[in-house]
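Engineer: Sharing a model prediction with you, sequence too.
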Amino acid sequence: MRRSRADHLRDSKDALSRATGLIAVVVFLTPSLVLAAGPCSLEFITAAERTYDLQAARSALDACTLEASGTSDEALGENLTRAALLVADLDRIDFEELDPSQGKQRRALGGSIDAAADVGLETLESLPETSCRQRLRADLLATKIRSDFRAKKYVNEMKAAAARALELDPRNARAMVSLAKPFLFADDRHGRDLEEAVRMLSEALDVDPTLESALLLRALAFEAQGNTEACRNDLRAAVAANPNCRPATERLLATAPPEAGSQPD
Amino acid sequence: MKIRDLAAVLLLVSVIPALFVVNGVTVDNRLERWQGRDPADAAVYEEFKATFGSDEFVLICLWDGRLFEPDLLDVMVDVAGVIEDIPGIARVQGLPVIYRELFAGEDPEALEIEMTSTPFYRDLFISSDGEVAAIVATISPPDDPAARRTIMRRIREAVNPLEAVGFTTGLVGSTALIDALDQMSESESRRGLAVALALSMLALALLSRSWRAMTVAAACAGTSVILTMALVVLTGRTLNMITSVLPALLWVLALSGIIHLVRRFRHHRVDNPVDQALQKALRDTTRPMVLASVTTAAGFLSLLAAGMEPVRELGVFAAVGILVSLVVNLLLGPLLIRRLRVPEAATAADPELHGRWLHLGSSRPRTVLASALLLILGALASLPFIRVASNPLGFLPEDHPTAVQYRRVSESLSGFYTLEVVLDLPRAWTDPAVWAPVDRLAEELGASPIVARVVSPLDLLRKLEQWDHDMAPSWYRLPQSGADAEALLENLDSSGREMLGSLVAHDGSTIRLSAVVNEMDEHLFLDLEEQAQQALGELPQGFSGRVTGQVLQLVNAQQTLVSSQLRSLAFALLVVFIVVGVGLRSAKLTVLSVLPNVVPLLAAFAVMAIAGITLDAATIMVASIALGIAVDDTVHLLVAIDRQEPQETTTERLRLALEHVGPALVLTTVAACIGFFALMTSAFVPIRSFGLLAGTAMLVALAADLWLVPAMLVLFSREGGT
C-alpha cells in the first residue's frame, strides 16, 4: 500500500520535531549536566577548554586543588593536571598577544602560567606513568618555554616526555601534537622544521581528524610555509570541530583574502 | 691710484657675499680626519673593518641603580630598542639586550645568574661586583661630518628615561669623546675669538689713540679673515679643532701689516699732505710687508709635510690668508686711510716709546746677548722635559662630564676603546689545536694593567658549551672536540651569528682578539701595542697576526705628526731664512735674523716644559705659528735698518729704524698678546695652551727684535770694523 503525501509530511514533521528535541537536549541539557558534574569534573574542564573560558578553567583548578588535597585519587589528580594545563594554555594565549615592551604584564602573566604549570607538574609527580600523563607533562613544560633561556632549560625535558607518551601509546594523537610543537615554534637555528611539523600533525589528524589543537597548529605551519589555502582549510576544519575555537576564527579573519572591490587599480 | 681704489672697492664689496659664504662654514672633527696617511697601516685597518665590522663604540654605563630590578630592566630594554633604531648604530649589546633576547623580558633572577656566574660578560657588560652595567652601541657612522654628533645627541635623548628612574648614566668611547671635544672646541673657539677680538681692539684703540686708525686696522684685518674663511668654505673645506684657530691667527697676522702702514702714514702725515704721506708710507712698508708675508706663508706651508689632513689645511689656509691680508692691506688700507681721514701722529715720534729701554740692544749689547744666550741655554735644557704625548681626554677640563665619566668607567667597569689583534690561524678556529696559543695570547694581552678585558671568540665557544649543558656555570669551558664546537655553532641564533661574525672571519681561520683599554695615556697604549707585537712574534709556527684599530691609527698619526712637524719646522726655518736673504739681499742681515726667530720657538718650548704642556697635534702648531709671527716683526725691523743711509753709524741706523718700526711692533704685539692671553680663560685646554704659548712667543719675539737684533748688529759691526 502506497503511503499518502499527508503521511509523508507527518513523518517528516515527526522527524524534525525529534531532531529539534535532540538538539535542544544537546544545547540546553549538556551544560546543565556539565554544571551538575562540578568544576573538578573532566566534563567541566573539557567544556572550559572548548569554550576558551579562562574563568571556568581557574574555577576548575581551584576546585580540583581543594578536592585533591589530602587524597591520592588518581582521577582527581589527573583532572587537577588538566585544569592546570588549561589555565596555563589560556594564559599563554593572552601572553602571546602582549607586546614585548609590556614587560610588567608579560612577567605577571608569565608568573601565572608558571604557577599553574608547576601545580600540574607537581601533581603528575605523584601519579603513575601513563601515555596521557606524559603528554600532559610535555604540554605543561611547553607552556613554560617562552624564551631562548627557557627553551634551553625545558625543551629537552619536554621532548622526552612527549616521546615517552608516544612510546607508551603510539596512537596518542595529542602526544604527536606535543612532539610537533618544537619543530613549529623553534627558530631556524634551533631545529625549526615546518615539513616535519606538518608531517607529525597530519599523523595526529589521521588518528583523530577533528583534533582541534592539531588542526590549529597545522594551519600555522601551512601559513609559515606560505600555503594560505591549506592554512584556511585547516582553520575552517577547526571551527567546524569547535565553533568556539577563538584562535581559528581570529586567524581566518586575519588571513581572509581582500574583497575584489577593495583591490587597488 | 684709481685702479688701486677700484680694486679696493671691489675687495670691500666682495666682503658682503663672502659673509654669506662664511655663514655656511661647518665643523668636521670626524675621527677619520685625524688618522694618518701610512698606506700599510690604513690597508690593515680597512681590511680589519671589512672583515669584522667597525671597532668604534659608545659605552653607555649605568651606575647607582638596581640592575636586576624588573621594572628597571624594562626601562633598559626600551632604551636599548630606541638606541638600536638610531641610524648609524650597527649593533647594540649588553644587559637589556640579553634580557630581551635570551630571557624574553622575563626571569630577572636567571638573568642575574647568567650575567654574573661566568667571566663572559664581566668587565664588558657588567662590573666584577655586579653593580655597574653597560650597553655597548657599535657605531658605523655614515660619511657625514654631523653624523657622530647626531648619533650622540640621539643616544643622550634615548638614555634620559634611565636617568629618570634613578640611574646615573655615562657615555664613553671614541665617538663620545670626539663629540665632547667637537662641541667644546666650537663653543670655546667662538667665545675665545670674540673675547680676543674685543680685547685686542681695545688695546689697539688705547695705544693708537685714534678710533679712525683702529677702524682701518680692524676693517683690513676683518676683511682678510672673512675673505680667507670664505675661501675655506668655497673650496669645500670645513673647520676642525686645529683650523678653528685660523680666524684668530689671521686676525693677528693681518693686523700686524696694516698697523705698520697706518703708523708710517701718520708719521709722514705730520709733514706731508694725505696722498704724499700715503705714498711715502706705502714706499716704506710695501717691501717689508711683502717679504714678511712671503716668509710667514712659507713657514706655514711647511705644515704640508704633516700626515694629518687638518694640519695640512691649517698650513695652506694660513699661508693663503697671509697673502690675502697682504693684498687687502696694500689695496684697501690706503683707501680707508684716506676715506676715514686717519689723523697725523700726535707727535713726530712717541717719546714714551723711544725711551732708553727701546735702545737697550744698542746701548748694552753684551748684556742683551748674554741674557739671550742664557735664555737659549735654559730653553734647550728644558727641552728633554717636554712630553710628547697625546691624551685627547686631557683637552677637556677635569670636571667636564665626559672626563668624569671616563674616570668612573675606568675605575668601575671597563675600557673606552680597543686594541685589535687579528690572528691568522693555521687551521680552522674550531680546531682544538689552535685554542691554547689563542688563549695564551689573550692572557698575555689581558695581563696588561691597562686592559680591562680581552674579547676572544673562544669565550663565545665557552658560553655556548655552558648553554648546551643547561646553562650550568661549571660548563663555561671549551668543548671536548672540534666536532663539538662545530655542533655548538650550528645551533647559534641570529644574534649569536652576528656576534660570531664580528669575531671570526668567514674563512674561519682568521680571528680577532679585542683588548678593551681603560687608559688614555698614549705611551701606555703604545707599550701595549709593543707587547702585543712581541706576543705575536712568539706564536707557534703557522700562526701570524697584526695589530690594528681605530685608536692605534690615531695614535700613530699623532706620533708621526710630532716627528714630521719637528723636521718640517727645521725645513721651514731654512726656507724662511732663504726668503729673507733673497728679500734683503744681505748675508749679514739674514744671519742676524736667525737667532731672533729661533729664540721665540725655544721660549715656547720652554714654557711647555715648565707648564707641563704636552707636545701633541695641537701644541706642535704653535711652533710654526710662533715662527710666522716672529719672522714678521724681524723682517719689518731688518728692512727698516736696511733702508737707513749706509753712511750713518750702526747705532744711528738702529735708532732711526727702531723709531720707525718699533712703536708699530710694540702696538701689534701688545694688541695680539692681549688677544692671545685672553684665550687662556678658555675652558678648552688646547685653546688655553695655544693662547699661553702664542702670547709668550709673541712677547719673546718682540723682545728679540727690539733688543737682540740691535745687540747683535752692534757687536758684529764692531767686530767687522764698521
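Structural biologist: On my side now, so go ahead.

Engineer: hang on, residue B:701 packs against residue B:629?
Structural biologist: Yes: taking contacts as CB atoms under 8 Å, residue B:701 lies within contact range of residue B:629: 5.8 Å. For the C-beta atoms, the positions are set from N, CA and C on the backbone; glycine is no exception.

Engineer: residues touching residue 49, list them.
Structural biologist: As the question left the chain open, I've gone with chain A. A:57, A:86 (CB atoms under 8 Å, 6 or more residues apart in numbering or on different chains).

Engineer: actually it's chain B I care about, not the one you picked
Structural biologist: Each residue near residue B:49 by CB under 8 Å, 6+ apart is listed here: residue B:55.

Engineer: That one: which element?
Structural biologist: Taking DSSP states H and E as the definition, one finds residue B:49 inside helix B:39-52.

Engineer: How many residues are close by residue B:542?
Structural biologist: Look at residue B:542: counted by other CB atoms under 10 Å in any protein chain shown, it has 12 neighbours.

Engineer: pLDDT wise, what is it at?
Structural biologist: Residue-level confidence at residue B:542 comes out at 91, pLDDT.

Engineer: Tell me the residues on the stretch 101-250 of chain A that lie near chain B, please.
Structural biologist: With CB under 8 Å from any CB of the partner chain as the criterion, the stretch 101-250 of chain A comes near chain B at residues A:101, A:103-104, A:106-107, A:110, A:146-150, A:152-153, A:187, A:189-190.

Engineer: Narrow those to those in helices?
Structural biologist: Within these, residues falling in helices by DSSP state H are A:103-104, A:106-107, A:110, A:148-150, A:152-153.

Engineer: List the buried residues of stretch A:130-147.
Structural biologist: A:131-147 (16 or more other CB atoms under 10 Å in any protein chain shown).

Engineer: was I right about residue A:90 contacting residue A:54?
Structural biologist: Yes: taking contacts as CB under 8 Å, residue A:90 lies within contact range of residue A:54: 4.4 Å.

Engineer: Could you turn the buried ones of the residues of the stretch 101-250 of chain A next to chain B into a ChimeraX selection?
Structural biologist: A single ChimeraX command suffices to select whichever of those are buried according to 16+ other CB under 10 Å:
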select /A:103,106,107,110,146,147,148,149,150,152,153
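
Engineer: Look at residue A:90 and residue A:54 and report which has more neighbours.
Structural biologist: residue A:90 (24 against 16).

Engineer: is it true that that one lies in a helix?
Structural biologist: Yes: according to DSSP: H, G, I helix; E, B strand; the rest coil, the state of residue A:90 is that of a helix.

Engineer: Tell me who's in contact with it.
Structural biologist: When the contact criterion is CB under 8 Å, 6+ apart, the partners of residue A:90 are A:52-54, A:57.

Engineer: Serialize these to TSV and add fields for distance to chain B.
Structural biologist: As requested, the contacts of residue A:90 are arranged in TSV below (distance: CB to the nearest CB, whole Å):
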residue	distance to chain B
A:52	23
A:53	26
A:54	20
A:57	22
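
Engineer: which one of these has the most neighbours?
Structural biologist: Neighbour counts for the contacts of residue A:90 peak at residue A:57, which has 27 neighbours (criterion: other CB under 10 Å).

Engineer: Pretty sure that residue sits against residue A:83.
Structural biologist: Yes: in this structure, residue A:57 sits in contact with residue A:83. The criterion is CB under 8 Å, and the distance is 6.3 Å.

Engineer: Thank you, goodbye.
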